[in-house]
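Visitor: sharing a model that was predicted from the sequence below.
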Amino acid sequence: QAPLEVVSALLQAFSDAAKEKDEDGNLALHYAIKNKAPLEVVSALLQAFPDAAKEKDKDGNLALHLLISQKSVRLVKDAGNAKAGRVGIICMGPDSDGDHKIKFEDDGIKSGHVKASAFVPHFGEEFLTKVSALLQAFPDAAKEKGYNDKLALYYAIKNKAPLEVVSALLQAFPDAAKEK
């Protein structure tokens, strides 16, 4: 995950860098979203190439799909070495014991096995701002289906996204509520 200074320097040296796809068809914006880059990095990439919000990755997902389908959680109970209040991303699970593997962001611990009952979905203010930025760059993203032929609204509801996200998606595409 490159800091804003590095991304800015690369964009200054090669202004079309944000338009370049790798061998898998991914743009820098896709990687930024997948790796939970800071809002400033996402904004810089969108400013350099606003149409990046319209481009699908190799799996058929827009950056909006990738963002909303991320499973970020906050622990609500102490779970072994995992202290309550920590934020992480669900990587895998559940396994045969009902544990989910979670990558924690706050202290360098790579992962921990935690029962689903120990965490709740977590969507911070930066998440909401990223959703808004992506919808502003490409309002029709709410109409586009991604991997598994699903709309962003499907992932928002599945991952218990905040009302503001669901409302923004429905405002952009009211008929999304009618989709299966």
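Guide: Structure's in. What do you need?
Visitor: next one: the helix or strand encompassing Leu46 to chain centre, how far?
Guide: Take DSSP states H and E as the rule and Leu46 turns out to sit in helix 39-48. Distance of helix 39-48 from its chain centroid, counting by C-alpha atoms, centre = their mean, to the nearest Å, is 14 Å.
Visitor: which parts of it are buried?
Guide: 39, 41-46, 48 (16 or more other C-beta atoms under 10 Å). From N, CA and C alone the C-beta is placed, and that goes for glycine too.
Visitor: how about these in a markdown table, adding distance to Lys178?
Guide: Listed next are these as a markdown table, based on distance: C-beta to C-beta, whole Å:
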| residue | distance to Lys178 |
| --- | --- |
| Leu39 | 32 |
| Val41 | 35 |
| Val42 | 30 |
| Ser43 | 32 |
| Ala44 | 36 |
| Leu45 | 33 |
| Leu46 | 29 |
| Ala48 | 36 |
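Visitor: measure the closest residue to Asp16 other than its chain neighbours to Ala168 for me?
Guide: Spatially, and ignoring its direct neighbours in sequence, Asp16 is nearest to Phe49 (7.9 Å; C-beta to C-beta, 6 or more residues apart in numbering). As for Phe49, its distance to Ala168 is 22 Å (criterion: C-beta to C-beta, to the nearest Å).
Visitor: again with Phe14
Guide: Phe14 is 33 Å from Ala168, where distance means C-beta to C-beta.
Visitor: ok, those two, which is more surrounded?
Guide: Ala168 (23 against 12; other C-beta atoms under 10 Å).
Visitor: now do the buried residues in the one helix or strand that one maps to.
Guide: Per DSSP H and E, Ala168 falls inside helix 163-172. The neighbour-count check on helix 163-172 (16+ other C-beta under 10 Å) flags 165-166, 168-169, 172 as buried.
Visitor: which member of the residues you listed is positioned nearest Asp149?
Guide: Using C-beta to C-beta, Leu169 comes nearest to Asp149 of those, at 16.5 Å.
Visitor: spit out the contact partners of that closest one.
Guide: Contacts for Leu169 (C-beta atoms under 8 Å, 6 or more residues apart in numbering) come out as 135, 142, 151-153, 156, 176.
Visitor: got a winner among these for most neighbours?
Guide: Result: Ala152 is most packed of the contacts of Leu169 (other C-beta under 10 Å), 32 neighbours.
Visitor: I appreciate the help and will end here.
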